[in-house]
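Engineer: Structural data only, the sequence is not supplied:
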């Protein structure tokens, strides 16, 4: 398991070793499926119901603003990344929302 961070710009970097595990290549059209508190990234052609983006040469994906709003991702979020080799999918589970955790720390006096 690995942790990935969503930047303010909506970009998320997928490490090279992880891209190799699930056969994501530069220029691939990646399907983004939102399911509760998780996002599923897949190259399956039959899955196109949510949103899509192209994997950049730097190994980044731009998560569209519609998905970030729908998922309630504030500026920078951290995800646990799980690889499903059987399905060639990357599953991102929202671990923490930095903005919300900062607000909670102030409220709780932490």
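Structural biologist: That came in fine, so what should we check first? As the structure is a prediction and not an experimental result, all values here were calculated from the model.

Engineer: quick one: contacts for the residue most central in space within the chain?
Structural biologist: Closest residue to the average C-alpha location of the chain: residue 92 at 5.2 Å, with Cα atoms, centre = their mean. The contact partners of residue 92, by Cβ atoms under 8 Å, 6 or more residues apart in numbering, come to 4, 12, 38-41, 79-82. No exception for glycine: its C-beta is placed from N, CA and C like everyone else's.

Engineer: right, and out of the residues you listed, which lies closest to residue 18?
Structural biologist: Using Cβ to Cβ, residue 81 comes nearest to residue 18 of the contacts of residue 92, at 6.7 Å.

Engineer: Need the three-state assignment for the closest one.
Structural biologist: strand (DSSP: H, G, I helix; E, B strand; the rest coil).

Engineer: Can you name the residues bridging to it?
Structural biologist: Per DSSP bridges, the residues bridged to residue 81 are residue 2, residue 92.

Engineer: how near is the closest residue to residue 60 other than its chain neighbours to residue 51?
Structural biologist: Among residues not flanking residue 60 along the chain, residue 11 sits closest, at 4.6 Å (Cβ to Cβ, 6 or more residues apart in numbering). Separation of residue 11 from residue 51 (Cβ to Cβ, to the nearest Å) stands at 15 Å.

Engineer: Could you list the single helix or strand in this protein with the lowest mean pLDDT?
Structural biologist: Least confident helix or strand of the chain, by mean pLDDT, DSSP states H and E, is helix 98-108 with a mean of 41.

Engineer: Since that was my last question, I'll sign off now.
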